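Asker: Sequence and predicted structure, then a few things I'm wondering about:
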Amino acid sequence: MRTSDDDVLYIESCRYIEGEVDLPGDKSISHRAIILSSIAKGRSSIRGIQKGKDCLATIGCMRKLGVKIKEENNKLIVDGAGMDGLKEPEDVLNCKNSGTTMRILSGVLAAQRFYSVLTGDSSLRKRPMRRIIDPLSMMGAEILAREGFFPPLSIRGGNLRGINYTLPVASAQVKSCLILAGLYARGKTRIREPFLSRDHTERMLRYMGVKLDKKDLEIEISGGQELEARDLFIPGDISSGAFFAGAAAILKGSCVVLKKVGINPTRSLFLKVLEDMGADVKIHDRKVICEEEVAEVEVRGTGDLKGIRISENLIPQIIDEIPILAVVACFARGKTLIEGAMELRVKETDRIKALV
């Protein structure tokens, strides 16, 4: 790989790739660690936090809500304000390009006794928010949005009540929003999702002392619980590692090892899909840290990939990896069928349009 004087990037072809990859911290877990530590009582230390723009947007929003956050010795130190300690922001909360920030934080703000406004960049202001506005309104929050239920969101929080709610679309962001709102609500909140989605919020809440009941696709949480400040470790981001793993799967003779990567069962289905397509995938040094499964993942290219069918019920668990899977499928024998991936059209970009 080389660059010219005008900073154009040239990538030279190769027969195979090999090496070890140290990945940035998992973005999904990082968002949750920042928000949950902010409403816990006491000081949390977060090691391995991702420092991308989305997570920096979450940090910026929590600071505007009065939470003291600083970086110290390669750790993020969060002095939690407690469940009722957030302050009314003096300015609009800018989520930049992060839908995760806007959706999950809305669940917390819906219960605060103050006024807040959430906005974002031009891309985020085109993303659908009715999926959180409707259930939060049912719980008692007052939320206004632009026509079509697009951001900015104006939130007047208050006393929330628990509800029974079935998500029309499986979404970890919406589920997490309602779980956090349920922590503040009177009574119990029951959430049912049509298909299994990533469960980082549930795992981290348990690690921070919150009791919730989960059976199959249904979650029940009682309001009035407090979060305990904890030291947290963020594993490597498997969605970032997917591109290296996909490249190794395509090129015969390749071997890539993803170091200290999260292999949460609701996130690592991508590896099973690669294996089903014919790649050689091995898991080494498996362990559980802060309720999250972590391991070293080895992917080898066999030179014999085949097309497979990926059904709709699996999509929520590989939503961020579908673009690279589509690339891998181009090098497989036969057809690969990916069903029910409509959510890709309402991400930061229309990922289906970008691929086809």
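Answerer: Happy to help now that I have it.
Asker: In the chain, where is pLDDT below threshold?
Answerer: 1-6, 342-356 (pLDDT under 70).
Asker: Let me see the domain layout of it.
Answerer: 27-233, 235-355 (automatic domain parsing).
Asker: Any idea which of these gets closest to Tyr10?
Answerer: Closest to Tyr10 of those, according to CB to CB: domain 235-355, at 17.1 Å. C-beta: built from backbone N, CA, C; applies to glycine.
Asker: And the helices in the protein?
Answerer: With DSSP state H, the ranges of helices along the chain come out as 27-39, 53-64, 99-109, 130-139, 172-184, 200-207, 238-250, 269-277, 322-329, 351-355.
Asker: And the contacts of stretch 327-347?
Answerer: Contact partners of stretch 327-347, identified using CB atoms under 8 Å, 6 or more residues apart in numbering, comprise 99, 127-128, 169, 171, 246, 249-250, 274, 277-278, 304-313, 315-316, 319, 322-323, 325-326, 350-353.
Asker: Of those, keep whichever come out buried.
Answerer: Taking 16 or more other CB atoms under 10 Å as the criterion, what is buried in these is 99, 127, 169, 171, 246, 249-250, 274, 277-278, 305, 308, 310, 315-316, 319, 322-323, 325-326, 351-352.
Asker: mind checking how far Asp237 is from Asp54?
Answerer: Distance, Asp237 to Asp54, by CB to CB, to the nearest Å: 11 Å.
Asker: Between the two, point out the one with more neighbours.
Answerer: Asp237 (24 against 19; other CB atoms under 10 Å).
Asker: residues contacting the nearest residue to the more buried one once chain neighbours are set aside?
Answerer: For Asp237, ignoring the flanking residues on the chain, the nearest one in space by CB to CB, 6 or more residues apart in numbering is Asp26 at 4.3 Å. Asp26 makes contacts with Gln50, His200, Ile234, Pro235, Gly236, Asp237, Ile238, Ser239, Gly262, as judged by CB under 8 Å, 6+ apart.
Asker: So Asp26 versus Ile219, what's the distance?
Answerer: For Asp26, the distance to Ile219 - CB to CB - is 21 Å.
Asker: next one: Gly334
Answerer: Separation of Gly334 from Ile219 (CB to CB): 38 Å.
Asker: The two: which is more packed in?
Answerer: Shown here are Gly334 and Ile219; by other CB under 10 Å, Ile219 has more neighbours (21 against 10).
Asker: Could you pull up the residues touching Asp231?
Answerer: Counting by CB under 8 Å, 6+ apart, Asp231 makes contact with Ser44, Ser45, Ile46, Arg47.
Asker: Now do it against Ile322, distance only.
Answerer: In this view, Asp231 and Ile322 are 34 Å apart by CB to CB.
Asker: So what's the residue count around Leu178?
Answerer: 28.
Asker: start the count at 20, not 1, going forward
Answerer: From this message on, residue numbering opens at 20, which makes the last subject Leu197.
Asker: just checking, it touches Gly181?
Answerer: No - taking contacts as CB atoms under 8 Å, Leu197 lies outside contact range of Gly181: 10.1 Å.
Asker: Now do the shared contacts for those two.
Answerer: In contact with both Leu197 and Gly181: Thr208, using CB under 8 Å, 6+ apart.
Asker: wait, which of the contacts of Asp45 is closest to Lys207?
Answerer: Nearest to Lys207, judged by CB to CB, of these is His219 at 21.9 Å.
Asker: What about that closest one, how many residues nearby?
Answerer: 23.
Asker: And Leu172, by the same measure?
Answerer: For Leu172, the tally of surrounding residues (other CB under 10 Å) stands at 27.
Asker: For it, which non-adjacent residue is spatially closest?
Answerer: Nearest to Leu172 is Leu137, by CB to CB, 6+ apart, at 4.6 Å.
Asker: Also Gly206?
Answerer: Gly181 (3.8 Å).
Asker: OK, contacts around that neighbour?
Answerer: When contacts are counted by CB under 8 Å, 6+ apart, Gly181 touches Met158, Gly201, Ala204, Arg205, Gly206, Lys207, Thr208, Arg209, Ser241, Gly242.
Asker: Recalculate using a threshold of 6 Å.
Answerer: Gly181 sits next to Ala204, Gly206, Lys207, Thr208 when contact means CB atoms under 6 Å, 6 or more residues apart in numbering.
Asker: Tell me which of the domains of the chain sits nearest to Ile36.
Answerer: Among the domains of the chain, domain 254-374 comes nearest to Ile36, with 4.8 Å by CB to CB.
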